[in-house]
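J.: fold the following.
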Amino acid sequence: MSNTRPPLPPFTAETAAQKVRLAEDGWNSREPEKVSLAYTPDSQWRNRAEFVKGRTEIVRFLQRKWARELDYRLIKELWAFTENRIAVRFAYEWHDDAGNWFRSYGNENWEFDDSGLMRRRIASINDLPISEAQRLYHWHLGRRPVGHQDLTELGL
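T.: Okay, the predicted model is just below:
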């Protein structure tokens, strides 16, 4: 099947961790159209207090997000998993157009269909203002380098 997104459910500890890293890599690309392809065409999201449905709305949401959250860098970490669900915790750093830096912390609950596409994403997120000196994510924009510290190693 060409519309599959491995790894597929049912997840193991190894495949759930792979799925989390693939999602992190996608979001760090900051390419809304590419990211949207990891979701079912009718995927349902709750992101903070915003409700998003379907790939078209996902693309528009991500375009708005990354136009506002500049120099976005994200780390996700597996928290728990079952057959077709994964829970993650994450933190990302970004700044606004006035140069104010933030670290946003959150948790996500994901549910996948049999082809490995995410059909439900529920995200709770809080923003913490930080100084530029408090930043912990300094890699070049894009994929977090292999070997870079994860959330636990960073004490987050």
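J.: tell me who's in contact with Thr15.
T.: 7-8 (Cβ atoms under 8 Å, 6 or more residues apart in numbering). C-beta coordinates here come from the backbone N, C-alpha and C atoms, glycine included.
J.: now with 7 Å, please.
T.: Thr15 makes contact with Pro7, according to Cβ atoms under 7 Å, 6 or more residues apart in numbering.
J.: please give the element, helix or strand, for it.
T.: According to DSSP states H and E, Thr15 maps onto helix 13-29.
J.: next, the buried residues of that helix.
T.: 15-17, 19-24, 26-28 (16 or more other Cβ atoms under 10 Å).
J.: and the next helix or strand after that helix, what does it pack onto?
T.: Using DSSP H and E, the helix or strand that directly follows helix 13-29 along the chain is helix 32-36. Judged by 3 or more Cβ pairs under 7 Å, 6 or more residues apart in numbering; DSSP states H and E, helix 32-36 is in contact with helix 13-29, helix 54-68.
J.: ok, the closest residue to Gln18 other than its chain neighbours to Ile125 distance?
T.: Nearest residue to Gln18 in three dimensions, chain neighbours excluded: Pro7, at 5.2 Å (Cβ to Cβ, 6 or more residues apart in numbering). As judged by Cβ to Cβ, to the nearest Å, Pro7 and Ile125 stand 25 Å apart.
J.: go on, Gly116?
T.: For Gly116, the distance to Ile125 - Cβ to Cβ - is 24 Å.
J.: enumerate every residue touching Arg143.
T.: 25, 28.
J.: having no further points to raise, I will conclude here.
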